[in-house]
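K.L.:
no sequence for this one, just the structure:
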């Protein structure tokens, strides 16, 4: 068998597996196991955005959806049918070919959250209308036509920044009343399943109280949320919390890491946790952060411009299992697979605990994107390099590989404007 034929067979197998996996209702987080580190050479067929950024992906069946802040999308060279298409903050395309779908709802603001129950598409963000229908922060769409399901209305009063279908409910997090809510998939009504007060602000300049991102373990029994708050369910929980997702109601888990009360060096970034993802087996989760470098004595303890692993079963960790520091650059997104923890931001280095906007002893260059060994906590050799920009807000794993949503145009030495796929080799 020729090398070309082997590659074609591997690609076909990956695409078929992706389509099979994607028909399962989406969980918030819990990246699947891949068994290998993805290629540093991006796929050639992914669409390009002329401007703006991608904030979230979700795949439903054989269609990939990308949400963000943009007005048009173009097919990659050689993709047929090709062209440039007007798209209002959300686009749908074939993940295997890059062909743009006709799906084109008019979303009147940025899309930050996408989720599906396998039949419908739930869209969250900073908008107030979709297709002219009043929907603050959350709407339910036909995934083929883009039509709004007017029977669904969550009646939120603020923005939605994350969403996922878990246990037959749609969980949403953001800046609305309650900050974290479980709504009925059909009507959008509050189910009351999440009835935990989330309150407080980590600093006067931290902005509104919010749940910015959350992840759910593969079993659907644990949720970890990050954002700007100081108490959950009446208990101290600065910046991060864990919930038990039992059958009747969600309850607060004892997990708590008190050093999250500490500020990093950047007083202007007190709300510094940016993303979280569970490992494929659910045994641990990984958080990435902004905030500049730690205060004196904080290295190895404080999550400042860093990636940190925590064990799900350890309720009162004295320290994270490991911390990998960038040395002063923000990380915005994380995807934890079985063999690699992928991180993305505007970082220049990893393995850099002694650096402060400089490469300290042992630092390795990993501009824009990198990968960390899940056990050792040290950077892997994988180094495609990427434009740094502000920093990409989403890493999404399917059986095809790692999807990279960002605000930049180059990765792996190639032009891949704001959407890239680093395929399984």
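P.N.:
Structure's in. What do you need? Since this is a predicted model, take the numbers as computed values, not measurements.
K.L.:
For residue 107, give the beta-bridge partners.
P.N.:
Counting by DSSP bridges, residue 107 forms beta bridges with residue 130.
K.L.:
got the contact list for it?
P.N.:
If a contact means C-beta atoms under 8 Å, 6 or more residues apart in numbering, then residue 107 has 67, 88, 89, 90, 123, 125, 127, 130, 139 as its contacts. Every residue, glycine included, has its C-beta placed from N, CA and C.
K.L.:
and if you look at residue 70?
P.N.:
49, 50, 51, 52, 53, 54, 87, 89, 91, 418.
K.L.:
now do 6 Å
P.N.:
49, 52 (C-beta atoms under 6 Å, 6 or more residues apart in numbering).
K.L.:
tell me which of the contacts of residue 107 is nearest to residue 359?
P.N.:
residue 67 (35.0 Å; C-beta to C-beta).
K.L.:
coming back round to it: which of the contacts of residue 107 are the two that sit furthest away from each other?
P.N.:
Farthest-apart pair in the contacts of residue 107 is 88 and 139; separation 12.6 Å (C-beta to C-beta).
K.L.:
Which of these two has more residues huddled nearby?
P.N.:
residue 139 (28 against 19; other C-beta atoms under 10 Å).
K.L.:
So for the more buried one, what's the pLDDT?
P.N.:
pLDDT recorded at residue 139 is 98.
K.L.:
from memory it sits against residue 130, does it?
P.N.:
Yes - assessed by C-beta atoms under 6 Å, residue 139 is found in contact with residue 130 at 4.4 Å.
K.L.:
Now for the residue lying closest to residue 385 once chain neighbours are set aside, how many residues are close by?
P.N.:
Nearest non-adjacent residue to residue 385, counting by C-beta to C-beta, 6 or more residues apart in numbering: residue 367, 5.1 Å away. Neighbours of residue 367 under the rule other C-beta under 10 Å: 17.
K.L.:
List the contacts of residue 367.
P.N.:
Counting by C-beta under 6 Å, 6+ apart, residue 367 touches 348, 385, 388.
K.L.:
do the same with residue 92
P.N.:
63, 65, 101, 103.
K.L.:
Please spell out the segments of the chain that come in under the pLDDT threshold.
P.N.:
1-29 (pLDDT under 70).
K.L.:
what ranges do the helices span in it?
P.N.:
Using DSSP state H, the helices found in the chain span residues 3-22.
K.L.:
thinking again about what came up before, now, the contacts of residue 107 that are in strands?
P.N.:
67, 90, 123, 125, 130, 139 (DSSP state E).
K.L.:
count of residues packed around the first one?
P.N.:
To tie it back to what came earlier, the one meant is residue 67. Using other C-beta under 10 Å, residue 67 has 25 neighbouring residues.
K.L.:
That one touches residue 111, doesn't it?
P.N.:
Yes - taking C-beta under 6 Å as the definition, residue 67 is a contact partner of residue 111 at 2.9 Å.
K.L.:
Make a markdown table out of the contacts of residue 367 and add distance to residue 249 and neighbour count.
P.N.:
A markdown table is the format used below for the contacts of residue 367 (distance: C-beta to C-beta, whole Å; neighbours: other C-beta atoms under 10 Å):
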| residue | distance to residue 249 | neighbour count |
| --- | --- | --- |
| 348 | 45 | 20 |
| 385 | 47 | 16 |
| 388 | 43 | 20 |
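K.L.:
what touches both of residue 67 and residue 111?
P.N.:
With contacts taken as C-beta under 6 Å, 6+ apart, residue 67 and residue 111 have residue 90 as neighbours in common.
K.L.:
Looks like residue 288 contacts residue 305 (just checking).
P.N.:
No - with contact defined as C-beta under 6 Å, residue 288 and residue 305 do not form a contacting pair (9.1 Å).
K.L.:
which neighbours do those two share?
P.N.:
Joint contacts of residue 288 and residue 305 (C-beta under 6 Å, 6+ apart) do not exist.
K.L.:
re the thing from before, if we take the contacts of residue 92, which one ends up nearest to residue 146?
P.N.:
residue 103 (4.9 Å).
K.L.:
rewinding a little: can you work out which residues contact both of residue 139 and residue 130?
P.N.:
The overlap between the contact sets of residue 139 and residue 130 (C-beta under 6 Å, 6+ apart) consists of residue 148.
K.L.:
What residues are bridge-paired with residue 370?
P.N.:
Counting by DSSP bridges, the residues bridging with residue 370 are residue 343.
K.L.:
was I right about it contacting residue 352?
P.N.:
No - shown here, residue 370 and residue 352 do not form a contact pair, counting by C-beta under 6 Å, at 10.9 Å.
K.L.:
Out of the ones in strands among the contacts of residue 107, which is nearest to residue 402?
P.N.:
Distances from residue 402 to these, taken by C-beta to C-beta, are shortest for residue 67, at 17.7 Å.
K.L.:
which residues touch that closest one?
P.N.:
Applying C-beta under 6 Å, 6+ apart, one finds that residue 67 lies in contact with 55, 56, 90, 111, 114.
K.L.:
Next step: those restricted to strands.
P.N.:
Per DSSP E, the contacts of residue 67 map to strands at 55, 56, 90, 111, 114.
K.L.:
For the second one, give me its contacts.
P.N.:
If I follow you right, that is residue 56. 67, 113, 114, 394.
K.L.:
And for the third one?
P.N.:
With C-beta under 6 Å, 6+ apart as the criterion, the residues that contact residue 90 are 67, 107, 111.
K.L.:
again, only this time at 8 Å
P.N.:
By C-beta under 8 Å, 6+ apart, the contact list for residue 90 reads 65, 66, 67, 68, 103, 105, 107, 111, 123.
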